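>>> coords below, sequence missing:
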């Protein structure tokens, strides 16, 4: 099904044309900027990366810093900073891995668990609002396509 006003991007052909407004990186950045604005208005007390870390810990339980970084698509320096800021706010804590005492695991604190639980409905609303311009089938397809290229 083709939406009204949709046109095939000329720059996807190999005719030498380069139209910035049709480039996937540019469009992804614009979509991300829109989503970040919606996120900030819905969950003002956490950054998207902080929320992602809390949500993943809520979903999976205690993880090493490296594994949490992998699970949330953050590099080592980024996840370290995120964890440090969450620890400063008493939202996460470290504990020794019972299977390997040399390794530390990051887990939600009681307050962190409460914060992430309180944010889950807002996070679902943020996703719905981000995808609101799309028809239901388009929403599903967009998520499928983004999963395919990531």
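Cool, the structure landed. Here the structure is a predicted model, which is why all the values come from computation and not from measurement.

>>> Test my guess that residue 62 contacts residue 106.
Yes. Under the criterion of CB atoms under 8 Å, residue 62 makes contact with residue 106 at 6.5 Å. Any C-beta I mention is one placed from the backbone N, CA and C, and that applies to glycine too.

>>> who's more crowded, these two?
Using other CB atoms under 10 Å as the criterion, residue 62 and residue 106 rank with residue 106 on top: 23 against 18.

>>> longest strand in this protein, by residue count?
Counting by DSSP state E, the longest strand found in the chain is strand 100-108.

>>> Show me what the mean pLDDT comes to for it.
Strand 100-108 shows a mean pLDDT of 94.

>>> quick one: buried residues of that strand?
The neighbour-count criterion (16 or more other CB atoms under 10 Å) identifies 105-106, 108 as the buried residues of strand 100-108.

>>> just checking, what packs against the lowest-mean-pLDDT helix or strand in the chain?
For the chain, the helix or strand with the lowest mean confidence is strand 100-108, at a mean of 94 (criterion: mean pLDDT, DSSP states H and E). On a contact count with 3 or more CB pairs under 8 Å, 6 or more residues apart in numbering; DSSP states H and E, strand 100-108 meets helix 48-60, strand 63-64, helix 65-71, strand 92-97.
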